[in-house]
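Chemist: Need a 3D model of the sequence below.
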Amino acid sequence: MINLFWTNLITFRYPIIINILLFIFYFSIASLTPYAADDFRYKLNPLDNEFSIQIFTDILNFQIWHYFNWGGRIVAHFLLQLFLVPSKYIFNLFNAIVQVLLINTIFFFAYNRIPTRYKDASALLLINLFLFLGFYKYSGMSLYMTSSFNYTWMHLIVFIYYLPFWNFYINGKDFSGRYSYFLLGLIAGCTNEHVFIAQLFFFFLIYLLMKKSIIKGLPSFYYHSLIGVFTGGLILLFSPGNLVRTSTTNFSLSINSILNYLIYELEWIINDIKPFWFMIILLTTAYYFYYKKPLIISMPHIIILSVGIISSASMALSPSYHSGTNLFLFICILIFTLSTINIPLFSNYLLHINMIITLIIFMYLYENHSFINNYAQETEEEILSEKQNGIEDLIIKNINIKTNRLVNYYAIENDHHYPRNIHIATYYGIKSIRSVNQ
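Modeler: Purely as a prediction, here's the structure:
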C-alpha cells in the first residue's frame, strides 16, 4: 500500500507540484483579501471569531429571515455564515482547495481523465490563466468570501454532482444509491437560479437525445436526480425573499428588458472576455497549422456548452444581472474549447510560458492585495479609535486604487445611505460611515 502510494506520487509528481503551487497562489492572495461588501452583513459575530451554540442558532434564525426577506440561496449563504464565524484563515485554506478542485474538474470534463502527465501540468496552469485573464475580475469570484461561496463554490458543487452522468455516458458506468442522488440533487438544485434552469434543460436534453436514439438510455439515478434538483430549485426560486428583493428594483419583464439583456450579453461575449478569445485564437492556430491536428467536437461537450448558454439566457428573465452571473457560462465555454484542443500535445515551452505569466499575475495580485489589506486594517483601526472617542458618524479617506481586469475591491461608497455602507456601520456598531476621495 505504501509502495503504491509512493509510486503514484512519483508518477504524478508534476501535476501534484502544480496543484500545490496553485493552492499557494490562492491561499496567499486570499490571506491578503479582507472582509468586503456583503461579508460585513453576513458575519454575525463582529470583531470576534469564537464559535458557540448561540452563534449557530443565530445563523439558523438569520437564514430563515433571509429566505423570507431577501433570497433563497440557502446553501451558499449558510456555508458563508459558517465560515465567517472563525478566523478568515479557515476560509482561505478551504477556498484554495475549492479553487484547485475547480481547475482540476474543468480539466476532467475537457479530457475525461485526471491530470497525470508532465504536460498536463501546463493545462492546469493554462486553465487558471484563462480564468484570471479571460473572465473579468475573476479575483472577485474566487477570493472574496460572499462571491466565492455564491459562484465558484456553488458551481463546483454542480459540476461534481454531474460527474456520475459523465461517467455513464462516456465510460459506461452506472452507479447505485438513487436516494442519495435525490438528497444531493436538493443541494445542487438550490445553488443559483440561472444554473437551476440550466440543470432542468440538461435533464430535458438528455431525455430528448435518448428518445431520438442519439445517446444511449438513461442512468438508473436519472429520475431521483431530476426530482431532487427540481425540488431544490423550487425551494430556491419560490423563496418569498425573491419577491421582496425584486420589488426594490422596479423591474418589469418586457420585450425591451429582454432585448437589453441580449445586448448586454453580446457585449460581454465580445468585449468582457476578449483576452480569452485572443488566447484561444493563438492556441487553435498553432494546434491546426503547426501540429496539423483538426479540432475535435464531441456530443457531450456540445451538451455542456448548450447548458451554459441556457444558464445565461435565462438571466433575461431576471430583475438584475452582472458579469459575475456569467461565470457558469464561461466555465462551460472553457470546457468546450479545451475539449477541441489537445493542450497536453503542445511543446514544453507552453508550460514555461504559463509558469512565467502565472508568476507575473501572482506578483501583481500580491502587491495590490497587500495594499488593499493594509488599507482595510488602517481603516478598521481608525473606525474603532473614532468610536472609542464617541464619534459615530465617520468620514474616511477612500482607497487610492484603480480596479481593473485582475484587481477587484468593493470600496466604501461616498453615500452613507448605500446598503453596504449601512452593513459596515452596523458591523462596527456606529451610526454611519462614508468615504471621501483622497
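Chemist: Can you tell me how far Asp38 is from Leu80?
Modeler: Per C-beta to C-beta, to the nearest Å, Asp38 is found 9 Å from Leu80. Every residue, glycine included, has its C-beta placed from N, CA and C.
Chemist: Mutual contacts of those two, please.
Modeler: Thr146 (C-beta atoms under 8 Å, 6 or more residues apart in numbering).
Chemist: Which one's more surrounded, those two?
Modeler: Counted by other C-beta atoms under 10 Å, Asp38 and Leu80 do not tie: Leu80 has more neighbours, with 23 against 19.
Chemist: Show me what the helix or strand containing Leu124 is packed up against.
Modeler: Assigned by DSSP states H and E, Leu124 falls within helix 120-129. In this structure, helix 120-129 makes packing contacts with helix 13-30, helix 88-111, helix 327-340, helix 348-388, judged by 3 or more C-beta pairs under 8 Å, 6 or more residues apart in numbering; DSSP states H and E.
Chemist: Contacts for that helix next, please.
Modeler: Contacts for helix 120-129 (C-beta under 8 Å, 6+ apart): 14-15, 17-19, 22, 25, 103-104, 106-107, 110-111, 115, 279, 334, 338, 343-344, 346, 348, 350-351, 354-355, 357-358, 361.
Chemist: buried stuff in stretch 244-251?
Modeler: Within stretch 244-251, the residues that count as buried by 16 or more other C-beta atoms under 10 Å are Arg245.
Chemist: Sketch out the low-pLDDT regions of the chain for me.
Modeler: For the chain, the stretches with pLDDT under 70 are 1-11, 251.
Chemist: So for it, the centremost residue is which one?
Modeler: Thr152 (1.9 Å; C-alpha atoms, centre = their mean).
Chemist: May I have the secondary structure class of it?
Modeler: What DSSP: H, G, I helix; E, B strand; the rest coil gives for Thr152 is helix.
Chemist: doesn't Gln99 make contact with it?
Modeler: Yes: if you go by C-beta atoms under 8 Å, Thr152 and Gln99 touch, sitting 6.5 Å apart.
Chemist: All the strands of the stretch 101-250 of the chain, in order from the start?
Modeler: With DSSP state E, counting those that start in this stretch, there are no strands along the stretch 101-250 of the chain.
Chemist: List the residues that contact the residue nearest to the centre of the chain.
Modeler: Taking C-beta under 8 Å, 6+ apart as the test, what Thr152 contacts is 98-99, 102, 141-142, 327.
Chemist: one more time with 6 Å, if that's ok
Modeler: Residues near Thr152 by C-beta atoms under 6 Å, 6 or more residues apart in numbering: 102, 141-142.
Chemist: Secondary structure element holding Phe78?
Modeler: Using DSSP H and E, the element containing Phe78 is helix 74-84.
Chemist: How about Leu394?
Modeler: With DSSP H and E as criterion, Leu394 is part of strand 393-397.
Chemist: Over to Ser312?
Modeler: Using DSSP H and E, Ser312 falls in helix 299-313.
Chemist: out of the contacts of Thr152, which one sits closest to Ser247?
Modeler: Met141 (27.3 Å; C-beta to C-beta).
Chemist: ok so, going back, between Thr152 and Gln99, what contacts are shared?
Modeler: Ser142.
Chemist: still on that earlier bit, the helix holding Ser312 packs against which elements?
Modeler: Contact analysis of helix 299-313 by 3 or more C-beta pairs under 6 Å, 6 or more residues apart in numbering; DSSP states H and E lists helix 193-211, helix 327-340 as its packing neighbours.
Chemist: May I see those helices organised as JSON lines, with mean neighbour count and distance to Thr249 added?
Modeler: JSON lines is the format used below for the helices and strands packed on helix 299-313 (neighbours: other C-beta atoms under 10 Å; distance: least, C-beta to C-beta, whole Å):
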{"stretch": "helix 193-211", "mean neighbour count": "19", "distance to Thr249": "14"}
{"stretch": "helix 327-340", "mean neighbour count": "23", "distance to Thr249": "21"}
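Chemist: Those: which one's closest to Leu93?
Modeler: Comparing these by C-beta to C-beta, helix 327-340 comes nearest, at 22.3 Å.
Chemist: And the contacts of that closest one?
Modeler: So helix 327-340 is contacted by 106, 109-110, 130, 135, 141, 151, 155, 195, 280, 295-297, 301, 304-305, 308, 311-312 (C-beta under 6 Å, 6+ apart).
Chemist: hey, C-alpha coordinates of the strand holding Leu394 in PDB?
Modeler: Only the C-alpha atoms of strand 393-397 are listed here, as PDB (Å, rounded to 0.1, in the frame of the first residue of the first chain):
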ATOM      1  CA  ASP A 393     -20.700  59.400  12.100                       C
ATOM      2  CA  LEU A 394     -17.500  58.600  10.300                       C
ATOM      3  CA  ILE A 395     -15.900  60.100   7.200                       C
ATOM      4  CA  ILE A 396     -12.900  58.200   6.000                       C
ATOM      5  CA  LYS A 397     -10.500  58.600   3.100                       C
END
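Chemist: quick one: Gly390 is in a helix?
Modeler: No: per three-state DSSP, Gly390 lies outside any helix segment and is coil.
Chemist: List the buried residues of stretch 102-122.
Modeler: Those would be 102-111, 115, 119-122, for stretch 102-122 by 16+ other C-beta under 10 Å.
Chemist: Next, give me the two most distant ones among these.
Modeler: Top of the distance list for these (C-beta to C-beta): Leu102 and Lys119, 20.6 Å.
Chemist: Turn the helices and strands packed on helix 299-313 into TSV, including distance to Leu259.
Modeler: Formatted as TSV, the helices and strands packed on helix 299-313 follow (distance: least, C-beta to C-beta, whole Å):
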stretch	distance to Leu259
helix 193-211	18
helix 327-340	19
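Chemist: you'd agree His423 is in a helix?
Modeler: Yes: the assignment for His423 by three-state DSSP puts it in a helix.
Chemist: Tell me, how many residues neighbour it?
Modeler: 17.
Chemist: Just list the residues touching it, thanks.
Modeler: His423 neighbours (C-beta under 6 Å, 6+ apart): 40-41.
Chemist: how close does it get to Tyr89?
Modeler: For His423, the distance to Tyr89 - C-beta to C-beta - is 22 Å.
Chemist: got it, and Met355?
Modeler: Distance from Met355 to Tyr89, by C-beta to C-beta: 27 Å.
Chemist: what about the two, which has more around it?
Modeler: Per other C-beta under 10 Å, whichever of Met355 and Tyr89 has more neighbours is Met355, with 15 against 12.
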